[in-house]
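**Student:** here is my input; please provide its structure:
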Amino acid sequence: MPKYPHYDLLVRGGTVIDGSKAPRFVSDVGVRQGRIAAVGDLRSHTADEVLDATGMIVAPGFIDSHTHDDQAVLSQAEMIFKVSQGVTTVVTGNCGLSAAPLKTDMHLPSPIDILQTPPSQRYSTFAAYLAALRATPSSVNVVPLVGHTTLRAVVMDSLDRAATPDEVAQMRLLLEEALAAGALGISTGTWYPPARHATTEEVLGVCAPLASHGAMYVTHMRHEDHRVMDALEETFHIGRTLGVTVLVSHHKVMHSANFGLTRETLPFILETMKKQPVCLDCYPYTAGSTMILTDPDMLKNRVTIASSEPHPECAGRDLDNIAQEWGVSVVQAAERLRPGTAIYHFIDETEMQKIMAFDETMIGSDGIPVGNKPHPRLWGTFPRVLGRYSRDLSLFPLETAVWKMTGLTARNFGLLDRGEIKQGHHADLVVFDADTVKDRATYENPTLAAEGIAHVVVNGSLTWSAGAHTGARRGAVLCRASATVEGP
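**Tutor:** Alright, predicted model coming up:
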């Protein structure tokens, strides 16, 4: 018998930032059967595989609080754009958009179509979608939300109106099924045309089952401009009425005329947090990305086309240049380029930093995994926070940066035994060089992998190492504590 316990994996000699915001400490981490078996001085212990982390940081795997990876976890299962930056868990189904439930023969209105869910991979129930994820695991864990806009598209014959009481009841039944299957909650995207006509009463009616399931209400709010305070009021009202946690997705204030409004939004959010459960996330960029829009207000600033089905050759080009070349207005050019995705430069750097530095703000990429010219946040979000904002600009200490990507997010979503390096927790780990870690993805070259990410471990399996994917696909579906959790 060996004198000391033997591990499947031993991360030796690193500096641990454990995800709790506690000060860093030098320690080894031993992994056995997908869990952290020991944290401490393990120099005399042996393992099947040893990673030398001397001079590097060992942190919990990063949790991307806001993604549109619903279909990518099936069709791009290696998820290189996420694991290469240290992400081990993704929250899907945001902005009202989810890959299930869907009808095989239904038309997918924008922005649901950005998920690129083919008819052959559509599931009529949320349970069937989660079963597919479990049958063919991806490289990352999946925290699934169901989208209100998706439910509208399944139930309603026209989306340019409020739902009828019968349609609300049908959507409520679909939500019940998704929650029973394990969805952590519902997301809305009332900023988008397919859900813009949904009233507050409709949302409340559809979301009535949330409280009994202990589920969340997540929202891309109705307004993120000069009406942002009205949108926050509506969001918090919904949370209070339902008695559930609300999450304000990718909090921002758009357009230069509204820069400075964080002096109102952040104190309001902080005060509301004292009265009801509220959380928020943001991405570390001054541009957003979504479907190609034709609203003139959204086309006033620089717009870069990320993908276009009718004109794929325009990916990576600015909309105004395309319009000049075609001899048309930017609105007309946008119409010709649809369906597709675009990048909108409409956020102030100072405002974004204030939101990110707000103590309770989680980090989410909001990346859209479509085409070869996506927003660079798809590949660079987490190293950008570690390198540019924590190390270079000293916006917050590295312990805080890691917490915003791990422990805080796990707490807000109720992810059991995740988000911290503790004995007994699932072994989701990232080893990175604090001195060199940085994002390399740019608007011109958006698919460049980050620097400084040495190793990534998902549920105990080494998944990314020495700049390459190992082939491991050990991601699990992470359901609410009250639902059955499948996977490692």
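**Student:** quick one, what contacts residue 380?
**Tutor:** 85, 439-441, 448, 450 (Cβ atoms under 8 Å, 6 or more residues apart in numbering). Where C-beta positions appear, they are placed from N, C-alpha and C, glycine not excepted.
**Student:** and the residues you listed, which two are furthest apart?
**Tutor:** Largest separation among these by Cβ to Cβ: 85 and 448, giving 10.8 Å.
**Student:** and these two? which has more neighbours close in?
**Tutor:** Shown here are residue 85 and residue 448; by other Cβ atoms under 10 Å, residue 85 has more neighbours (31 against 15).
**Student:** measure the more buried one to residue 330 for me?
**Tutor:** From residue 85 across to residue 330, the span is 33 Å (Cβ to Cβ, to the nearest Å).
**Student:** pull the helix or strand containing residue 267 out as CSV, backbone CA atoms only.
**Tutor:** Element membership for residue 267 (DSSP states H and E) is helix 262-273. The C-alpha trace of helix 262-273 is given here as CSV (Å, rounded to 0.1, in the frame of the first residue of the first chain):
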residue,chain,number,x,y,z
THR,A,262,-24.3,54.7,-14.2
ARG,A,263,-24.3,57.4,-11.5
GLU,A,264,-28.0,56.6,-11.2
THR,A,265,-28.2,52.9,-12.2
LEU,A,266,-25.5,51.5,-9.9
PRO,A,267,-26.7,53.2,-6.7
PHE,A,268,-30.2,52.1,-7.5
ILE,A,269,-29.1,48.5,-8.1
LEU,A,270,-27.1,48.5,-4.8
GLU,A,271,-30.0,49.9,-2.8
THR,A,272,-32.4,47.3,-4.4
MET,A,273,-30.0,44.5,-3.5
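**Student:** next SSE after that helix?
**Tutor:** Heading C-terminal from helix 262-273, the first helix or strand you meet, by DSSP H and E, is strand 278-282.
**Student:** got the buried residues for that next one?
**Tutor:** By neighbour count with 16 or more other Cβ atoms under 10 Å, strand 278-282 contains the buried residues 278-282.
**Student:** now do the contacts for the closest residue to residue 210 other than its chain neighbours.
**Tutor:** Nearest residue to residue 210, sequence neighbours excluded (Cβ to Cβ, 6 or more residues apart in numbering): residue 244, at 4.7 Å. Residue 244 sits next to 185, 207, 210-211, 215-217, 277 when contact means Cβ under 8 Å, 6+ apart.
**Student:** again, only this time at 7 Å
**Tutor:** Each residue near residue 244 by Cβ atoms under 7 Å, 6 or more residues apart in numbering is listed here: 210-211, 215-217.
**Student:** of those, select the buried ones using a ChimeraX command.
**Tutor:** Under the burial definition 16+ other Cβ under 10 Å, those of those that qualify are selected in ChimeraX by:
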select :210,215,216,217
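**Student:** of all pairs in the contacts of residue 244, which one is the farthest apart?
**Tutor:** 211 and 216 (10.5 Å).
**Student:** on that earlier part again, so which of the contacts of residue 244 comes closest to residue 471?
**Tutor:** Ranked by distance to residue 471 (Cβ to Cβ), those are led by residue 216 at 33.6 Å.
**Student:** verify the assumption that residue 418 is located in a strand.
**Tutor:** No. Applying DSSP: H, G, I helix; E, B strand; the rest coil, one finds residue 418 to be coil, outside a strand.
**Student:** what number of residues lie near it?
**Tutor:** When neighbours are defined as other Cβ under 10 Å, residue 418 has 26 of them.
**Student:** likewise residue 20?
**Tutor:** Other residues close to residue 20 by other Cβ under 10 Å number 18.
**Student:** per-residue pLDDT, it?
**Tutor:** Here the pLDDT value assigned to residue 20 is 98.
**Student:** same deal with residue 5?
**Tutor:** On the pLDDT scale, residue 5 gets 89.
**Student:** that one and residue 462, how far apart?
**Tutor:** From residue 5 across to residue 462, the span is 19 Å (Cβ to Cβ).
**Student:** the two - which one has more neighbours?
**Tutor:** residue 462 (20 against 13).
**Student:** and the nearest residue to the more buried one once chain neighbours are set aside, what is it in contact with?
**Tutor:** Nearest non-adjacent residue to residue 462, counting by Cβ to Cβ, 6+ apart: residue 470, 5.5 Å away. Contact partners of residue 470, counting by Cβ under 7 Å, 6+ apart, are 462-464.
**Student:** same question, residue 440
**Tutor:** Contacts here follow Cβ under 7 Å, 6+ apart; on that basis residue 440 touches 380, 448-451.
**Student:** what about the helices in the stretch 251-400 of the chain?
**Tutor:** For the stretch 251-400 of the chain, the helices defined by DSSP state H, counting those that start in this stretch cover 262-273, 319-326, 330-337, 349-357, 377-384, 398-405.
**Student:** pipe these into TSV and attach distance to residue 181 per row.
**Tutor:** TSV is the format used below for the helices of the stretch 251-400 of the chain (distance: least, Cβ to Cβ, whole Å):
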stretch	distance to residue 181
helix 262-273	30
helix 319-326	40
helix 330-337	37
helix 349-357	33
helix 377-384	27
helix 398-405	27
